[in-house]
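Enquirer: kindly generate the corresponding structure for this input.
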Amino acid sequence: MEKYTIPNAEPFFLPGGKTGCLLVHGFTGAPTEMRQLGDFLHQQGHTVLGVRLAGHATKMKDMIRSRHKDWLVSVEDGWHLLQGHTERIFLIGLSMGGVLSLITASRLPVAGVVAMSTPYLFPDPLFRKIPWALRLASPIIPLKSKNEGQWFTPELTESHISYSHNPVRSVYELAMLIERLQVSLPAVQVPALVIHSKNDDYVPPDNANLIYQHLGSQNKELIWVDQANHVITRDGDTARVFKPIAEFIQTH
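Expert: Prediction:
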């Protein structure tokens, strides 16, 4: 039977206790990025759902057709699904998944939110000022090469599931999403945990400081990790990421 989803990139649901953890992967990525963290949180007794964002983990043309609202709806769908199985929900996102989680935390009732390796500023200073140029350029230059840097655990790159390039039309949608994040952060009033690696060469660490500063929550924490690059849910010393998240959930 033919499947549209890339093998091993499917969403996952791990039933457990009354606390739900909604895990959100990053731009061009797949739920696989979140599976190891999901298994860890499930072992803590929690119910875990790893969503697949619209247009991801299938074919790149699907992502090019999707819009940032579709990605937000994917997270909202996950929230609704967990509502039927749990009493409280924590949003936990990586990179763009962190952007989506923070925006959703400003809109829907959740117990807390965790943002890992999350951008506050669009990385290119030129397109940060004129993001519409990306949309205009996308028919001429549809794809942009990726530079995710050097992993601290390089053997894991072979099993990392992600599109090989960044679709320029989708990069424009990411820029729109980041603009929405900047407006939404003061409205995030629930407990918030921001985690970033000092060695992230894809989303510079200053982004974590900016997110922390603009969060509206009075209950917020910023944790720095070493020995990891951008995908801190898989690369390097993941225990230094997973343990604070489990403690954050236990506390709140």
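Enquirer: output the below-cut-off pLDDT ranges for the stretch 101-250 of the chain.
Expert: For the stretch 101-250 of the chain, applying pLDDT under 70 flags the ranges 125-129, 132, 148.
Enquirer: would you list every one of the strands in it?
Expert: 112-116, 143-144, 166-167, 192-197, 220-225 (DSSP state E, counting those that start in this stretch).
Enquirer: count of neighbours near the spatially closest residue to A208 that is not a sequence neighbour?
Expert: Excluding the flanking residues, the one nearest A208 by C-beta to C-beta, 6 or more residues apart in numbering is H196, at 3.6 Å. C-beta coordinates here come from the backbone N, C-alpha and C atoms, glycine included. The number of residues packed near H196 is 27, by other C-beta atoms under 10 Å.
Enquirer: same check on S145?
Expert: Residues lying near S145 (other C-beta under 10 Å) number 7.
Enquirer: for it, phi and psi?
Expert: The phi and psi torsions at S145 (degrees, to the nearest 10) take the values phi -60, psi 160.
Enquirer: contact partners for the spatially closest residue to it that is not a sequence neighbour?
Expert: With C-beta to C-beta, 6+ apart as the measure, H165 is the residue that lies nearest to S145, at 6.1 Å, once sequence neighbours are left out. Going by C-beta atoms under 8 Å, 6 or more residues apart in numbering, H165 touches M60, L143, K144, S145, K146.
Enquirer: what's the closest of those residues to H230?
Expert: Within the contacts of H165, proximity to H230 (C-beta to C-beta) peaks at K146, which comes in at 10.9 Å.
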